[in-house]
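Enquirer: could you look at this predicted model? Sequence included:
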Amino acid sequence: MLATVDTRPDPAFARAVLEGLAQEPPAIPARWFYDEEGSVLFEQITDLPEYYPTRTEIGILRSAMPEIAAVVGTGRAVVDYGAGALAKTPLLLRGIAPALYAPVDISGAHLRANAEALQEDFPSLPIFPVEADFTRAFDLPAEVGDHPRLGFFPGSTIGNLVPASAVDLLRSFRRTLGTGALLLIGMDRVKAPGRLIAAYDDAAGVTASFNLNLLHRINRELGGDIPVDAFAHEARWNASMARIEMHLVARREVSFTVEGRTFHFAGGDSIHTENSHKYTAESARLLLLAGGWTPFNEWSDPAGDFALLLARADPERMAP
């Protein structure tokens, strides 16, 4: 008998879309960008001339790796949250010689493909991919065992979350990794709004395709009939929240259905799809401390555009 393939939509995705479109103002969490097509598009974004974070962070990793390795040491279990492109991870793995590597990502096909490619470059390194939404509780592979742990969270992905959710996520990382673990995390810095907007609205339109792919995904997986050409990508700088926002803005009045539910948008209405918070040196450290991590080392590029912070999950102590 042939095995059947489960083609039912992800209930969590369906719930997020239906609840998000019904709320005021409409919003869908950015983690749902990353189906297979979305993951490929994001990798293309990281190579764009306007998108400085990836190449800047890679430069920091290359220059700071001797110092990072001296502090982190060898033999750790590396848990890579949101493992995607393979430009940064090899730099870390070569630098610290870990005991094993556990990449975690919501896009299973993309995760497995990248894990296989990485295994070719590191044939003796045990690799245990974990298909999971790291914003929710999940179990680490049993092979992690008692190895000292290093969480790796590059790309300023933490900036996609509003502060309360970012603190919750950092606390979740602490629970998963345990007291004594280390966390190496990337955080983008506040800078000129024009430069930030350009990074999220590139001239080639790749970021626009990435944003609009969310609507294509809704149509593909949830039986939607959204006229994608009725929406346009827009990037906005929200100074009061120190963040770039991405929106899908209705070009005209439009109605559509998703899983049998009808939604109406007037021209100019938008679906808020992503935040990318930017941090000062002080706000970055405060966020880590609120999440249960004590920052104790920091590396940046000469222009101060981006920072890598190393933090430790110190034992919890009574405070006055």
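Expert: Looks like it arrived, so ask away.

Enquirer: list of residues touching the longest helix along the chain?
Expert: With residue count as the measure and DSSP state H as the assignment, the chain has helix 52-72 as its longest helix. With CB atoms under 8 Å, 6 or more residues apart in numbering as the test, helix 52-72 has contacts from 46-47, 85, 87-88, 91-92, 95-96, 150, 154-156, 182, 184, 186, 188, 195, 199, 297, 299-301, 305-308, 310. For glycine as for every other residue, the C-beta is placed from the backbone atoms N, C-alpha and C.

Enquirer: what distance do you get for E24 to S270?
Expert: Distance of E24 to S270, computed by CB to CB, to the nearest Å: 12 Å.

Enquirer: who's more crowded, those two?
Expert: S270 (19 against 5; other CB atoms under 10 Å).

Enquirer: need the contact list for that one.
Expert: Residues counted as contacts of S270 (CB under 8 Å, 6+ apart) are 25-26, 234, 247-250.

Enquirer: dihedrals phi and psi, it?
Expert: phi -140, psi 160 (degrees, to the nearest 10).

Enquirer: go on, A22?
Expert: Backbone phi and psi, for A22 under degrees, to the nearest 10, turn out to be phi -80, psi -20.

Enquirer: before we move on, what about P148?
Expert: phi -60, psi 150.

Enquirer: name the helix or strand of this protein that has the lowest mean pLDDT.
Expert: Between all helices and strands in the chain, the lowest mean by mean pLDDT, DSSP states H and E belongs to helix 108-121, at a mean of 87.

Enquirer: from the contact counts, what lies against the helix or strand that comes right after that one?
Expert: Remark: after helix 108-121, the chain's next helix or strand is strand 130-131, criterion DSSP states H and E. Contacts defined by 3 or more CB pairs under 8 Å, 6 or more residues apart in numbering; DSSP states H and E place strand 130-131 against strand 100-105, helix 108-121.

Enquirer: can you tell which of those is closest to F138?
Expert: Nearest of the helices and strands packed on strand 130-131 to F138, taken as CB to CB: strand 100-105 at 7.2 Å.

Enquirer: re earlier: buried subset of the contacts of helix 52-72?
Expert: 46, 85, 87-88, 91-92, 95-96, 150, 154-156, 182, 184, 186, 188, 199, 297, 299-301, 305-308, 310 (16 or more other CB atoms under 10 Å).

Enquirer: before we move on, the earlier item: what are the buried residues along the least confident helix or strand of the chain?
Expert: Neighbour-count burial for helix 108-121 flags 110-111, 114-115, 118 (criterion: 16+ other CB under 10 Å).

Enquirer: what angle separates it from strand 100-105?
Expert: Angle, helix 108-121 to strand 100-105, by axes from the mean of the first three to the mean of the last three CA atoms, to 10 degrees: 150 degrees.

Enquirer: does N219 touch D225 like I think?
Expert: Yes: using CB atoms under 8 Å, N219 is in contact with D225, at 6.8 Å.

Enquirer: chain neighbours aside, what residue packs nearest to the residue positioned nearest the centre of the chain?
Expert: The centroid of the chain falls nearest to T157 when counting by CA atoms, centre = their mean (3.8 Å). In this structure, T157 finds its nearest non-sequential neighbour in G82, 5.3 Å apart by CB to CB, 6 or more residues apart in numbering.

Enquirer: surely that neighbour touches F134?
Expert: Yes: using CB under 8 Å, G82 makes contact with F134 at a distance of 6.2 Å.

Enquirer: which residues are in contact with both of the two?
Expert: Contacts common to G82 and F134, judged by CB under 8 Å, 6+ apart, are 104-106.

Enquirer: in CSV, list these along with neighbour count.
Expert: Output for these, formatted as CSV (neighbours: other CB atoms under 10 Å):
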residue, neighbour count
V104, 23
D105, 24
I106, 22
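
Enquirer: how about JSON lines for these, with pLDDT added?
Expert: What follows is the shared contacts of G82 and F134, written out as JSON lines (pLDDT from 0 to 100):
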{"residue": "V104", "pLDDT": "93"}
{"residue": "D105", "pLDDT": "87"}
{"residue": "I106", "pLDDT": "78"}
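
Enquirer: out of the residues you listed, who's nearest A284?
Expert: Distances from A284 to the shared contacts of G82 and F134, taken by CB to CB, are shortest for V104, at 22.3 Å.

Enquirer: show me what the helix or strand containing L215 is packed up against.
Expert: Assigning secondary structure by DSSP H and E places L215 in helix 206-222. If you count contacts as 3+ CB pairs under 8 Å, 6+ apart, helix 206-222 packs onto helix 11-22, helix 36-45, strand 231-238, strand 243-250, strand 270-277.
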